[in-house]
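Undergrad: Mind folding the following:
(chains A and B)
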Amino acid sequence: MSRPKVQFSDNEFIEGLRAGDNIMLAALYKKYYNIVLKFIVNNNGSEEAAQDIYQETVIALYENVRKPGFELNCQLQTYIYSVARRLWLKQLKKNGKTFLFKEEEEEELADVNEGMAWHEEKEIHIQQMNKSLLELGEPCVTLIQDFYVHKKSMDEIAEKFGYTNADNAKNQKYKCLQRLKKMFFEKQ
Amino acid sequence: MRSTELFDDYQNGLMSEAERRDFENRLGNEPILKKAYEEHLQLIQTLKMTASRNQLKQQLKDVHAESFGGDARLFSMKGQETFAKKHGKTIAVAASTALIAVLSTVAALSTGGYLLKQQSNQITDLNRVVMELQASNTAIVEGITRNNKKIAYAPANLEGSAFALNNKGYILTSFHMVKNADSIFIQNKNTERTLAKLIMSDVKLDLAVLKIENQELIQNWQVPFGIKDKVTDIGEKVFTLGYPRNEMVYGEGSISSLSGYSNDTSMYQISIPVNPGNSGGPVLDEYGNIIGVIRGKISGAEATGFAIKAAEIIQSINALATDSTKKDLSLQASKRTTLKNLKRSEQIKRINPYVFNVLVYKKD
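TA: Numbering: from 1, shown residues only, chains lettered A, B, ... in the order given. Sure, this is the predicted structure:
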């Protein structure tokens, strides 16, 4: 006997993402992947490209939804399709390809400019930070993340990294942070 | 004091009232300091934003791998494959010897940091600790074919058993297994490895309820066993199924006492030899009703296991269920007859798909 799959409404998805509900995030991810996959593959993209574009789409949606004041003015599916389409267009342009999209006939398009402009600006900063972190290397990255992201104390950090005391750890953190700062702002 | 330390202390609220006022005055009067402070804030904010973004990305990758196959926690087998082919048998034998050696040490030593009433240090948790075996395990992990690629899973840190509670994908296991888990997977012959989420846990009784996320996998579930909440009598025949190894293992015996270690009335003592990996497995009576779940054994004592009574399980789960889970998971004692008149081997065939090997990956 087969039972019906769980179906969530657009509203339930939005509320779930807003609350940071991982189950809803996963359910949403599963639900709309095929739509984006089909679109990308029909438009000169590989399955891998589809996966990348789709993941960025879901991230853009997730982060926009969690911004205060976000309202969904169309169907969730339309929003996702529109975002993925925009991201894929951008990617093709970046690779110097001009391309006439084979549109999915049944799909409508929504205006996602505002949210996407915000996402793209954020994306630039994140890429700069990721590049800087890569250059910065270990143990600096972990040390800085332990302090600023994971909120560990200097004593804990000293112990973890084998510094003799918190002051030594502080010195090290200072040096790492100065380097990171230089790298990060050089890229702006 | 360096300015970044001032910034951190100010941000983290570590300044005294006077220091704080002084710092704020300086920000007002020293444009260079103010600019440095703003840059610092931007840097730290971007750092945090990047960290949560990277985490989100990884999460989506995991979801993708889980739902559509392909990557993340899997690693390619290339190197090991040829190595294993060449030395397959030797490695397997060597590894199983190592396995037995490690397991007996674990069984003898482990108290697992888990406390069961006061005397818990004498009860042994029965999860298989796999960590020590990574080196040999990688060589012998079962290769499976998906997308025409030979892939193998990273060895789990802990393994144990679990069984289905209902047709909606809820499964029961031991809490000590899944404590501090980063991710939990379940698998058996019928169900390919899939992610399970921790839904609720009862630390005192050592129970945890997991849920299979992938709805498709449970579409055709028809859990064949009922749950019996009446106390089973001493001497009654019982059996268990579990995963002390990668293969399902059957064990049988009888109820030897109506209380567990140190007269704990929430448990039965059973005369079934249980081993690491049996933790979380079901104990069933002759008719195929669940009468308990394997909890542990006395260190050193052979053929003496403890099982948490089904009545306790029902009570615990119904007490813990939240509004959102109540709908899908209110447990009621129910005897089902689907297994009643079957031979043991037939019973097992039907129970098999609903008993799982649990694989737990710990944080760090």
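Undergrad: Now the residue nearest to residue A:129 when sequence neighbours are not counted: which helix or strand?
TA: Spatially, and ignoring its direct neighbours in sequence, residue A:129 is nearest to residue B:50 (4.2 Å; C-beta to C-beta, 6 or more residues apart in numbering or on different chains). In short, each C-beta sits where N, CA and C put it, glycine included. Following DSSP states H and E, one finds residue B:50 within helix B:31-68.
Undergrad: The residue nearest to residue A:129 contacts residue A:126, correct?
TA: Yes: using C-beta atoms under 8 Å, residue B:50 is in contact with residue A:126, at 5.0 Å.
Undergrad: Could you check which of the two has the larger neighbour count?
TA: residue B:50 (21 against 18; other C-beta atoms under 10 Å in any protein chain shown).
Undergrad: what's the lowest-mean-pLDDT helix or strand in chain A packed up against?
TA: Least confident helix or strand of chain A, by mean pLDDT, DSSP states H and E, is helix A:154-161 with a mean of 85. If you count contacts as 3 or more C-beta pairs under 8 Å, 6 or more residues apart in numbering or on different chains; DSSP states H and E, helix A:154-161 packs onto helix A:140-148, helix A:166-186.
Undergrad: what residues does chain B put near chain A?
TA: Neighbours of chain A within chain B, by C-beta under 8 Å from any C-beta of the partner chain: B:2, B:4-5, B:39-40, B:43-44, B:46-51, B:53-54, B:56-57, B:59-61, B:63-64, B:66-68, B:167, B:197, B:213, B:215-216, B:219-220, B:222.
Undergrad: Make a ChimeraX selection of the buried ones in those residues.
TA: Selection of buried members from those for ChimeraX, criterion 16 or more other C-beta atoms under 10 Å in any protein chain shown:
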select /B:4,40,43,44,46,47,50,51,53,56,59,60,61,63,64,66,67,68,167,213
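Undergrad: so where's chain A uncertain?
TA: For chain A, the stretches flagged by pLDDT under 70 are A:1-6, A:98-106.
Undergrad: where do the helices sit along it?
TA: Ranges of helices in chain A, per DSSP state H, are A:10-18, A:22-42, A:47-65, A:76-94, A:113-136, A:140-148, A:154-161, A:166-186.
Undergrad: got these as a markdown table, with distance to residue B:268 columns?
TA: Listed next are these as a markdown table, based on distance: least, C-beta to C-beta, whole Å:
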| stretch | distance to residue B:268 |
| --- | --- |
| helix A:10-18 | 41 |
| helix A:22-42 | 35 |
| helix A:47-65 | 48 |
| helix A:76-94 | 51 |
| helix A:113-136 | 55 |
| helix A:140-148 | 47 |
| helix A:154-161 | 44 |
| helix A:166-186 | 52 |
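Undergrad: between those, which gets nearest to residue B:271?
TA: helix A:22-42 (41.3 Å; C-beta to C-beta).
Undergrad: Give the buried residues for the closest one.
TA: A:24-33, A:35-37, A:39-40.
Undergrad: What average pLDDT does the helix holding residue B:50 get?
TA: Mean pLDDT, computed over helix B:31-68, is 90.
Undergrad: can you check stretch B:187-199 too?
TA: For stretch B:187-199, the mean per-residue pLDDT is 88.
Undergrad: Outside of that stretch itself, list whatever touches it.
TA: Residues from elsewhere that reach stretch B:187-199, judged by C-beta atoms under 8 Å, 6 or more residues apart in numbering or on different chains: A:23, B:62, B:66, B:144, B:153, B:170-171, B:178, B:181, B:183-186, B:208-214, B:217, B:248, B:325, B:329, B:352-353, B:355-359.
Undergrad: Many thanks, have a good one.
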